[in-house]
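Student: Dropping the sequence and predicted coords here.
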Amino acid sequence: MHDMNLSVAADPYPVTLDLPHAALIVIDMQRDFVEPGGFGAALGNDVTRLQAAIDPIAAVLAAARAAGLLVIHTREGHRPDLTDLPPTKKARGRLDPGIGDPGPMGRILVRGEAGHEIVPVLAPLAGEPVIDKPGKGAFYATDLETILRQRAIAKLILCGVTTEVCVHTTLREANDRGFECLVVSDGTASYFPEFHACALAMVKAQGGIFGFVTDSATLIRTLEKVIRT
Ligand code: C5J
């Protein structure tokens, strides 16, 4: 029986993961954000910046699954009737097409549409919960907290996009609920490199005011200790 308490090198200092009480959350790796022709691209963004996070996330996913961690995926999107879409969110940016409108991958950010799906290489496995969220944070208007509490999860490893929007909002929601968060620096990405850097810096500032930051290679090396033994 191996020790399930793993110390992960992180900033501002190492963090301990008690594996049965840790979960990996992969945030919004959806075609609408990551692929050309989706919502992110419609906003004028360079989606290749987000694509840089795919390989590190795939590697972290594989290690987390092999180590037996609970893996949870999130998706940002709305009901087809758009009853959960705040008018402010719909109107913001004066986009044409905007959320709910037909786009190259179906209706933009609408559940069930092709663009709303997670990119195939990071597709959830059977049994991995998928949280559909109408907002930026994965706790708001979802059953994520219920699922985590049922499994006695105390620590969250966060990957996904975008660093300063949905990852940060989820991180802040989690932190206020008492979850310890470890952000994987190269497993997150932003359309704006300066926002990515700043968002990561904010996590670990002031002694880790929102949590901890590590990178995928460090995390995987640590998880391998329980995978190999
Ligand atoms: C955005 C997200 N950026 N998943 N969503 O609108 O970060």
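Tutor: Arrived safely. Keep in mind it's a predicted model, so treat the numbers as computed, not measured. Residues are numbered from 1 along each chain as shown.

Student: L182 sits in which helix or strand?
Tutor: strand 180-189 (DSSP states H and E).

Student: and that strand, what does it pack onto?
Tutor: Applying 3 or more Cβ pairs under 8 Å, 6 or more residues apart in numbering; DSSP states H and E, one finds that strand 180-189 makes contact with strand 15-18, helix 48-51, helix 54-66, strand 155-161, helix 168-176, helix 193-208, strand 212-214, helix 216-228. Quick note: C-beta positions are derived from backbone N, CA and C, even for glycine.

Student: Now do that strand and helix 168-176, the angle between them.
Tutor: Angle, strand 180-189 to helix 168-176, by axes from the mean of the first three to the mean of the last three Cα atoms, to 10 degrees: 170 degrees.

Student: sorry, back to before: quick check: which of the helices and strands packed on strand 180-189 is nearest to the ligand?
Tutor: Closest of the helices and strands packed on strand 180-189 to the ligand is strand 155-161, at 5.4 Å (criterion: Cβ to the nearest ligand atom).

Student: Can you name every helix or strand that the lowest-mean-pLDDT helix or strand in the chain contacts?
Tutor: In the chain, the helix or strand scored least confidently by mean pLDDT, DSSP states H and E is helix 39-42, which has a mean of 86. Under the contact criterion of 3+ Cβ pairs under 8 Å, 6+ apart, helix 39-42 touches helix 31-34.

Student: Averaged pLDDT, the helix it packs on. What do you get?
Tutor: The average pLDDT within helix 31-34 is 96.

Student: What is that helix packed up against?
Tutor: Helix 31-34 is packed against helix 39-42, helix 48-51, with contacts defined by 3+ Cβ pairs under 8 Å, 6+ apart.

Student: so, in contact with the ligand or not, the least confident helix or strand of the chain?
Tutor: No - against the ligand, helix 39-42 shows no contacts by Cβ under 6 Å from any ligand atom, the least distance being 7.1 Å.

Student: Now do that helix: distance to the chain's middle.
Tutor: From the chain centre to the centre of helix 39-42 is a distance of 18 Å (Cα atoms, centre = their mean, to the nearest Å).

Student: repeat for stretch 170-182
Tutor: 13 Å.

Student: Buried residues of it, list them for me.
Tutor: For stretch 170-182, burial by neighbour count (16 or more other Cβ atoms under 10 Å) applies to 170-175, 179-182.

Student: and the helices and strands packed on helix 31-34, which is most packed in?
Tutor: Most buried of those, by mean neighbour count (mean count of other Cβ atoms under 10 Å): helix 39-42, with a mean of 22.

Student: Show residues contacting it.
Tutor: Contact partners of helix 39-42, identified using Cβ atoms under 8 Å, 6 or more residues apart in numbering, comprise 32-35, 47, 50, 95, 97-99, 103, 108-109, 115, 191.

Student: and what of stretch 55-65?
Tutor: Outside stretch 55-65, the residues that touch it by Cβ under 8 Å, 6+ apart are 24, 26, 29, 71, 121-122, 125, 157, 159-160, 184, 186-187, 215-216, 219-220, 223-224, 227.

Student: Keep only those of these that are also close to the ligand.
Tutor: Counting by Cβ under 6 Å from any ligand atom, no member of those reaches the ligand.
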